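Chemist: Please work out how this folds:
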Amino acid sequence: MPRLFTGLEVPTDVAFALSLKRGGLHGARWIDTENYHITLRFIGDVDNHTADEVADSLDRLSNSLAFSVRLTHLGVFGGDKPRALYAGIEPNESLARLQAAHERMLQKAGLEPERRKFVPHVTLARLRGTSAFDIAAYIANAGQFMPLNFEVGRFVLFSSKDSVGGGPYVVEQDYPLAA
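Modeler: Below you'll find the model as predicted:
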């Protein structure tokens, strides 16, 4: 039974620049750079028939237009109990439209609606036992975040192993976007 999600790949040069933020944070389990991505829609564990339906349905979204993404800041999920450090993305109408189209398409394919609000980001580290003070100090000491831009020419269907998270992720199918 595959565990699937859709997302955007992070180019190697951008991943390298993000990797320079690694280190110096107690309780951080840093994500390998080859597993950096922007999740569009978590699908979850599905049977092979549903996986095939999802893959076929997503093909209809490849008429979406290519666009660019801009990473602008560090952030954290979890508030007083931090659970993930991420690089945040500047608000982007094209990205929001693509994600909404994924949500609609996957609901039509019979999947339950996503309950979490879409917050586009690249997870840099999973956190365990990291205090809010530790994360605030880390972000303050990380220095100015120089924005990172990249062009998005496709989205992909990823699979992952049933694990704690953080990869390895495999591209099962890619869907080019219109130029």
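Chemist: and for the worst-scoring helix or strand of the chain on mean pLDDT, what are the contacting residues?
Modeler: Scoring the helices and strands of the chain by mean pLDDT, DSSP states H and E places helix 48-58 at the bottom, with a mean of 90. With CB atoms under 8 Å, 6 or more residues apart in numbering as the contact definition, helix 48-58 has outside contacts at 1-2, 4, 6, 43, 46, 102, 105-106, 108-111, 155, 157, 172-173, 175. In short, each C-beta sits where N, CA and C put it, glycine included.
Chemist: Return the residues in contact with the residue in the chain sticking out farthest from the centre.
Modeler: Note on the chain: the largest C-alpha distance from the chain mean falls to Phe133, namely 25.3 Å (CA atoms, centre = their mean). By CB under 8 Å, 6+ apart, the contact list for Phe133 is empty.
Chemist: Moving C-terminal from the helix or strand where Arg29 lies, which element do we reach first?
Modeler: Here Arg29 sits within strand 28-30, counting by DSSP states H and E. Under the assignment DSSP H and E, the closest C-terminal helix or strand after strand 28-30 is strand 37-45.
Chemist: any idea how far the spatially most central residue of the chain is from Ala137?
Modeler: By CA atoms, centre = their mean, the chain has its centre lying nearest to Ile38, at 2.4 Å. In this view, Ile38 and Ala137 are 27 Å apart by CB to CB, to the nearest Å.
Chemist: Same question for Thr123.
Modeler: As for Thr123, its distance to Ala137 is 20 Å (criterion: CB to CB).
Chemist: neighbour-wise, which of these two wins?
Modeler: Thr123 (19 against 14; other CB atoms under 10 Å).
Chemist: Mind listing the residues bridging to that one?
Modeler: Beta-bridge partners recorded for Thr123 (DSSP bridges): Tyr86.
Chemist: Let me see the confidence value for it.
Modeler: Looking at Thr123, its pLDDT stands at 97.
Chemist: One more: Lys161?
Modeler: Confidence score, pLDDT, at Lys161: 74.
Chemist: and the nearest residue to it once chain neighbours are set aside, what is it in contact with?
Modeler: Nearest residue to Lys161 in three dimensions, chain neighbours excluded: Pro168, at 6.8 Å (CB to CB, 6 or more residues apart in numbering). Neighbour list for Pro168: 32, 34-35, 160-161 [criterion: CB under 8 Å, 6+ apart].
Chemist: for Leu8, same thing?
Modeler: 37-38, 40, 69, 152, 155-156.
Chemist: of all those, which two lie farthest apart?
Modeler: Val69 and Val156 (14.3 Å; CB to CB).
Chemist: Can you point out the buried residues in the longest strand seen in the chain?
Modeler: Under DSSP state E, the strand in the chain containing the largest number of residues is strand 67-77. Applying a neighbour-count criterion of 16 or more other CB atoms under 10 Å, one finds 67, 69, 71, 74-76 buried in strand 67-77.
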